[in-house]
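S.K.: Here is my input, please return the structure:
(2 chains)
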Amino acid sequence: MLKFTEEHEWLNIQGDVATVGITEHAAGQLGDLVFVELPDVGAVFSKGDDAATVESVKAASEVYCPLDGEITEINEAITADPELVNSDPMGAGWFFKLKLKNVADADGLLDESGYKELIG
Amino acid sequence: MVPFAGYDMPVQYPAGVMKEHLWTRASAGLFDVSHMGQVTIRARSGLYEDAALALESLVPVDILGLAEGRQRYGFFTDDNGGILDDLMITHMDDYLFVVVNASCKEADLKHLQDHIGDTCEITLLDRALIALQGPRAVSVLAELWADLAYMKFMDVRHCRLHDVSCLVSRSGYSGEDGFEISVPADKAEDIAKRLLEHPDVQPIGLGARDSLRLEAGLCLYGNDIDQTTTPVEAALEWGMQKARKTGGVRAGGFPGSARILAELANGASRRRVGLKPEGKAPVRGHAKLYADAEGKTEIGEVTSGGFGPSVEGPIAMGYVPVSFAAPGTPIYAEVRGKYLPVTVSALPFITPTYKR
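M.R.: This next block holds a predicted model:
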């Protein structure tokens, strides 16, 4: 199940675990990334908490946790090579896996057509 | 587009900051810097010497000794020795041509009018300013209009480019060889379009302008220098010539001279330095600097910082006490609650390619 947030994150939800990344639109807006900081495995976040930081040449931006949950895995490949987020934001450029506290909360997020409408 | 000093300016063009930056260092980048103020200062007597001496009362720069057709960097100082603005000063035949920052333009005009308006005529020109920066700037201009290879760094000449009378200086703010071209406003779009048609030229936005000047160790007014920083604190002694320093033929005689001359002799208590973060995380403006990894002893602040595309890593500038200013000194910067190791570094971060 693919979901989106208004803050330009995507979630690929399998069972109670969501793989989370930023959308192609967001990656394009940020420009070439030069630094990514990921949360620690085991960190527990509420929806809207700062979970990761991405930096372009020009500015730093926060990536928010899209739902309540616990980090179970992080993608170290993007800290080694932040450019992966620009080149493959929906695939190899994923950020972290989040064990959701309440899977049903995902119903409140946007689906793909809703997100496409949002970004026009 | 973002608002910048009252102008709508592009942060980046479709290529993006990274590619624009690298393109400028490898080929030629075009910057629209028309927001900057272009001002002429003419003595009512008609003599260059009188205009030069008048401006010398506001800047610690040798302007009387500036040869015709030559340009010099300088700064307006205030009574406390702080910096009101930085500017480029050119000796035209019998007058001065100066370029000031957009954000200070109105204040600078008033400052000039109030202090030297009785002896000089101060005029804000309605001209655009186009910077063409990078190793291929000289060949692009030669192919299109004029061979300017004879000009040296900081030379200024009247040139006809596409049959438009322009004032061209071999200077810029990127650390690269290049030119700044002052064009009558109604001809600027045509000149810019023709330059952009050349395959070696790409348009460059504010983002890359900032990363280029940071790598070149150049100050951005309002970030790295302002009224709270003196020229000696800002490591801009090179902008003050012998004639204006203690023992010189026209020593002092500019606002804040007592403090600035004392700092030239004895040093200032703090200094602008280059900073290289050891890790990959950029350290940006306003990050606090500490002597220790626990964040107990705060020693200063970052004034500009980001990622240097040509350096291929994070770079920054900031102020530290002189006891921490030696290159190689290890200090720490606070970023999102962590204290990251940073090494004090010599400026600039790249080797400039000015044609001296």
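S.K.: Residue of the stretch 51-200 of chain B closest to chain A, please.
M.R.: B:Ser174 (14.5 Å; Cβ to the nearest Cβ). Using the backbone N, CA and C atoms, a C-beta is placed for each residue, glycine as well.
S.K.: Surely that residue is in contact with B:Thr24?
M.R.: Yes - between B:Ser174 and B:Thr24 there is a contact at 5.8 Å, judged by Cβ atoms under 8 Å.
S.K.: which SS class is the closest residue to A:His8 other than its chain neighbours?
M.R.: Once flanking residues are discounted, A:His8 sits nearest to A:Ala26: 3.6 Å by Cβ to Cβ, 6 or more residues apart in numbering or on different chains. Secondary structure, DSSP: H, G, I helix; E, B strand; the rest coil: A:Ala26 is helix.
S.K.: my read: A:Ala26 touches A:Thr5, true?
M.R.: No - taking contacts as Cβ under 8 Å, A:Ala26 lies outside contact range of A:Thr5: 10.0 Å.
S.K.: and these two? which has more neighbours close in?
M.R.: A:Thr5 (22 against 19; other Cβ atoms under 10 Å in any protein chain shown).
S.K.: continuing past the lengthiest helix in chain B, what's the next helix or strand?
M.R.: Of all segments of type helix in chain B, defined using DSSP state H, the longest is helix B:105-116. Where DSSP states H and E defines the elements, the next helix or strand beyond helix B:105-116 is strand B:120-124.
S.K.: Using PDB, list the CA coordinates for that next one.
M.R.: Taking Å, rounded to 0.1, in the frame of the first residue of the first chain, the C-alpha atoms of strand B:120-124 are listed here in PDB:
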ATOM      1  CA  CYS B 120      31.100  66.200  -4.900                       C
ATOM      2  CA  GLU B 121      28.100  65.300  -7.100                       C
ATOM      3  CA  ILE B 122      26.800  61.800  -6.200                       C
ATOM      4  CA  THR B 123      24.800  60.100  -8.900                       C
ATOM      5  CA  LEU B 124      23.100  56.700  -8.900                       C
END
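S.K.: List the buried residues for it?
M.R.: If you call a residue buried by 16 or more other Cβ atoms under 10 Å in any protein chain shown, then strand B:120-124 has these buried ones: B:120, B:122.
S.K.: Would you tell me what the next helix or strand after that strand is?
M.R.: strand B:127-133.
S.K.: shared neighbours, B:Ser174 and B:Thr24?
M.R.: Residues touching both B:Ser174 and B:Thr24 by Cβ atoms under 8 Å, 6 or more residues apart in numbering or on different chains: B:133-134, B:212.
S.K.: Can you name every helix or strand that the lowest-mean-pLDDT helix or strand in chain A contacts?
M.R.: In chain A, the helix or strand scored least confidently by mean pLDDT, DSSP states H and E is helix A:24-30, which has a mean of 93. Applying 3 or more Cβ pairs under 8 Å, 6 or more residues apart in numbering or on different chains; DSSP states H and E, one finds that helix A:24-30 makes contact with helix A:83-87.
S.K.: do the helix it packs on and chain B meet at all?
M.R.: No - in terms of Cβ under 8 Å from any Cβ of the partner chain, no part of helix A:83-87 sits within range of chain B; the closest distance is 9.1 Å.
S.K.: May I have that helix as PDB, with CA atoms only?
M.R.: The C-alpha coordinates for helix A:83-87 follow below in PDB (Å, rounded to 0.1, in the frame of the first residue of the first chain):
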ATOM      1  CA  GLU A  83      22.800  11.700  -4.400                       C
ATOM      2  CA  LEU A  84      20.900   8.400  -4.400                       C
ATOM      3  CA  VAL A  85      17.900  10.400  -3.000                       C
ATOM      4  CA  ASN A  86      17.900  12.600  -6.100                       C
ATOM      5  CA  SER A  87      18.600   9.800  -8.600                       C
END
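S.K.: strands paired with the helix or strand that it is followed by, and their directions?
M.R.: Next in sequence after helix A:83-87, counting helices and strands by DSSP H and E, comes strand A:96-100. The pairing partners recorded for strand A:96-100 under DSSP bridges are strand A:17-22 (antiparallel), strand A:69-74 (antiparallel).
S.K.: Can I get the first one as CSV, trimmed to CA atoms?
M.R.: To tie it back to what came earlier, the one meant is strand A:17-22. Coordinates of each C-alpha in strand A:17-22 appear next as CSV, following Å, rounded to 0.1, in the frame of the first residue of the first chain:
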residue,chain,number,x,y,z
VAL,A,17,6.1,-1.8,8.7
ALA,A,18,6.3,1.3,6.5
THR,A,19,9.3,2.0,4.3
VAL,A,20,9.6,5.8,4.2
GLY,A,21,11.3,8.2,1.8
ILE,A,22,10.8,11.6,0.2
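S.K.: And for it, what's in contact with it?
M.R.: By Cβ under 8 Å, 6+ apart, strand A:17-22 touches A:3, A:8-12, A:30, A:51, A:54, A:63, A:65-67, A:69, A:72, A:85, A:89-90, A:93-100, A:106.
S.K.: Can you tell me which of the shared contacts of B:Ser174 and B:Thr24 are buried?
M.R.: B:133-134, B:212.
S.K.: Distance from the one helix or strand B:Ala52 maps to to the middle of the chain?
M.R.: In the assignment (DSSP H and E), B:Ala52 maps to helix B:48-56. When distances are taken as Cα atoms, centre = their mean, to the nearest Å, helix B:48-56 is centred 22 Å away from the chain's centroid.
S.K.: Ramachandran coordinates for the nearest residue in space to B:Val59 that is not next to it in sequence?
M.R.: Among residues not flanking B:Val59 along the chain, B:Gly74 sits closest, at 4.5 Å (Cβ to Cβ, 6+ apart). Main-chain torsions, B:Gly74, degrees, to the nearest 10: phi -160, psi -180.
S.K.: check contacts around A:Ala43.
M.R.: Contacts of A:Ala43 by Cβ under 8 Å, 6+ apart are A:51, A:70-71.
S.K.: Quick check: neighbours of the helix or strand A:Asn12 falls within in the sheet, parallel or antiparallel?
M.R.: Using DSSP H and E, A:Asn12 maps to strand A:9-14. Applying DSSP bridges, strand A:9-14 is found paired with strand A:2-4 (antiparallel), strand A:17-22 (antiparallel).
S.K.: ok now do the residue nearest to A:His8, which residues does it touch?
M.R.: A:Ala26 touches A:8-9, A:89, counting by Cβ under 8 Å, 6+ apart.
S.K.: What of A:Leu110?
M.R.: Neighbours of A:Leu110 in contact, by Cβ under 8 Å, 6+ apart: A:3-6, A:118.
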